[in-house]
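Engineer: just need the structure, nothing else, for what follows:
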Amino acid sequence: MDEMVVERLIYKNPYQALSVELKEEYGMSPVEAKALVKKMQEFVEQETCGKRKNNQIVRAVVAVGEPAGKKIKDCKLVSVTLTMEFYGEEKILKENGLKYLKELKVHQLAFESYEQGGLLSHEDIQDILGISRSTIKRIVKKYKENDIFIPTRGQIEDIGPGITHKERIIELIVKGYLYSEIMILTAHTEASIENYERKFVKISYFHREGKNELKIRAITGYSEALIKSFIGLYKKSMKNYPESVNKMLQRYENYIELKEKKIG
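Structural biologist: Residues are numbered from 1 along each chain as shown. Reported below is the predicted structural model:
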């Protein structure tokens, strides 16, 4: 790791973020801010004894909205909690290898940070996962070629604002990702992913059957906002991945027919 990268990483810590805020928001001099931050650091370390959650790390990263080219030491930073291990990683490692698992982890860590208001840079990911920046660039490029964008500091303009959990999860499902992979990519449980898929399929099926939003709400009990959102996702998915969506809806139709036969 070159000296410039090391210097930039030194500035990325929660206490540096506080120091910047004290200077910009409260008008403290650099000396005053440094002295106060040092006292607070000593207090926190004394009270917490350095304890952290078992499978997570806390890291200070550049906040969403900070312009490119601004010096790290002057940027607003936010502390984000990053999950380092998920259930199912061992299986993926065994079946697909370490290289593939690290590709998933690059995506997962970047989005987990983004959803907390921070952006990981390539140097952050390099430091966390211990992989080269050239490898990270290759991974980001590979995802981009498959229309999956990773919100690193250099790529944020590609994903657009306001992407939601359900949009990401449905997108990955229709692209053929396994639940075990989506669990890592999205930091969601298997039950949560299955719940999103079930709702998407139900709403999409009844929408395609010609039911309006009011009727779908009466049948499913889902909210109007959720129904409207999933109909939009259905239209988008049908445009880009019609074969995958059709298979999902066909499975649901087969399930309904089997259920009706049992009742009959």
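Engineer: break the chain down into its domains, please.
Structural biologist: The chain resolves into domains spanning 3-163, 190-263 when parsed by automatic domain parsing.
Engineer: between those domains, which one is closest to Ile170.
Structural biologist: domain 190-263 (5.3 Å; C-beta to C-beta). For glycine as for every other residue, the C-beta is placed from the backbone atoms N, C-alpha and C.
Engineer: and the closest one, how far out from the chain middle?
Structural biologist: The chain centre lies 24 Å from the centre of domain 190-263; the measure is C-alpha atoms, centre = their mean, to the nearest Å.
Engineer: mean pLDDT for the domains of the chain: which is lowest?
Structural biologist: Here the domains of the chain differ in mean pLDDT, and the lowest is domain 3-163 at a mean of 77.
Engineer: ok, which of the domains of the chain comes nearest Tyr179?
Structural biologist: Nearest of these to Tyr179, taken as C-beta to C-beta: domain 190-263 at 5.3 Å.
Engineer: please report phi then psi for Ile57.
Structural biologist: Dihedral angles of Ile57 (phi, psi; degrees, to the nearest 10) stand at phi -130, psi 150.
Engineer: for the stretch 151-264 of the chain, what spans make up the helices?
Structural biologist: Assigned by DSSP state H, counting those that start in this stretch, the helices in the stretch 151-264 of the chain fall at 165-174, 179-186, 190-208, 213-220, 224-240, 242-263.
Engineer: mean neighbour count added to these, as JSON lines?
Structural biologist: As requested, the helices of the stretch 151-264 of the chain are arranged in JSON lines below (neighbours: other C-beta atoms under 10 Å):
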{"stretch": "helix 165-174", "mean neighbour count": "21"}
{"stretch": "helix 179-186", "mean neighbour count": "22"}
{"stretch": "helix 190-208", "mean neighbour count": "18"}
{"stretch": "helix 213-220", "mean neighbour count": "15"}
{"stretch": "helix 224-240", "mean neighbour count": "16"}
{"stretch": "helix 242-263", "mean neighbour count": "12"}
